[in-house]
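**Q** Return atomic coordinates for the entry below.
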Amino acid sequence: MEDGNFNVWLPDSNININKDLNTEDYLKSVLTNVVTTSEENLISIVNNLINIGFTYYAARCLEIYAQNKIGVFCNGDEIINYRYSNFGEFHENIAKLIKAGCLYIKSKRENTARISFNRALTFVEEALRQIESYEEDNFKETLCLALAFELAGHCCLPTGNLNALDYYQAAEEYFNKSIENSPEEFENWKNHKISKVILKTLKEILKIKLSEDTSIIPLLSWDYQIRLKKSKELINYFYMN
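**A** Reported below is the predicted structural model:
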C-alpha cells in the first residue's frame, strides 16, 4: 500500500534455498505426532527446535499441543476447583499458548502471534464465564479467581488489549478478599504451582516487551500488589502514551 504501513512478505526469488529432506521429514513427524507425545517429551522437542533455529516450528508444537489438551469447551472448574487432581493443567496449557505467541514474534510472525495470544485469552475468559458461583469466604476459591483474572490480564498484555487493566483490577480485589479470609494460608500459596505458572507466563511475555533485566524484577515479585501495579504501568507505558 502506498499510503499505508502494511507490507506483504514475499519470497526473494534470488535466494536459492537448500532444503534438507531429513530436516523436512523430522519437522513433519514432530508436528504430526505432537498431540500424542508426553509433556516431558514436548519440552525436549520444543527446546531442540529452538536450539537448531526452528523457532516457528517450536511455537507450532506448543500451540497444537496446548489446544488439543484444552479441547473445545472450557468450564469454570478448570479455574476454581482446586480439588481436581489435574488442577493447574489448564493454566499450564494457557502458558504454552502464550509462549507460542512469544516464539511466533521471534519468528517475525506477528499476526500469528496475536492469534495465539487472543486464543489464550478466549479460553480464560470462557472458563471465567462458566463459573456460576463461588464461596466468598472460601480462601482457596477467591485466590483461584484472583490468579485467573491475573492470567487473563497477562494474555492481554502482549497485544495491547486495554481490558488487561480491568482484569488486573479484578485480580487485586480477589487477592485482597483471599487475604481477609486467611492471611496465614495466603503466604503458603505464594509458592503454589499455579502462582509459579502465572509468573512463568509473565516472564515469557517480558522477554519480548523489555530489554533490561532490571525492569523485570518488580514485575516478577511474589508480592501481588507490586506485580499488578507494575503490570498496569507496563500497559500504560506501551499502549496509552
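**Q** When you work out contacts or count neighbours from here on, use the C-alpha atoms and nothing else.
**A** OK.
**Q** so which strand or helix has the residue nearest the centre of the chain?
**A** By Cα atoms, centre = their mean, the chain has its centre lying nearest to residue 98, at 3.1 Å. Under the criterion of DSSP states H and E, residue 98 resides in helix 89-106.
**Q** Counting neighbours, what do you get for residue 72?
**A** 8 (other Cα atoms under 10 Å).
**Q** Equivalent analysis for residue 226, please.
**A** A count of nearby residues for residue 226, using other Cα under 10 Å, gives 13.
**Q** Would you check how far apart it and residue 47 are?
**A** Counting by Cα to Cα, to the nearest Å, the gap between residue 226 and residue 47 amounts to 31 Å.
**Q** What ranges does this protein have for its strands?
**A** With DSSP state E as the criterion, the chain has no strands.
**Q** ok, residues contacting stretch 25-39?
**A** Outside stretch 25-39, the residues that touch it by Cα atoms under 8 Å, 6 or more residues apart in numbering are 42, 45, 57, 60, 61, 64, 65, 68.
**Q** Excluding sequence neighbours, find me the nearest residue to residue 232.
**A** residue 165 (6.1 Å; Cα to Cα, 6 or more residues apart in numbering).
**Q** ok, back up a step: which of the contacts of stretch 25-39 has the most neighbours?
**A** residue 61 (26 neighbours).
**Q** can you tell me which residues contact that one?
**A** By Cα under 8 Å, 6+ apart, residue 61 lies in contact with 30, 31, 34, 42, 46.
**Q** again with residue 154
**A** Going by Cα under 8 Å, 6+ apart, residue 154 touches 164, 201, 202, 205.
**Q** Among those residues, list the two that are farthest apart in space.
**A** 164 and 201 (14.6 Å; Cα to Cα).
**Q** Dump the contacts of residue 61 to JSON lines, plus distance to residue 108 and pLDDT.
**A** Putting these into JSON lines (distance: Cα to Cα, whole Å; pLDDT from 0 to 100) gives the following:
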{"residue": "30", "distance to residue 108": "21", "pLDDT": "83"}
{"residue": "31", "distance to residue 108": "20", "pLDDT": "84"}
{"residue": "34", "distance to residue 108": "23", "pLDDT": "87"}
{"residue": "42", "distance to residue 108": "23", "pLDDT": "92"}
{"residue": "46", "distance to residue 108": "18", "pLDDT": "93"}
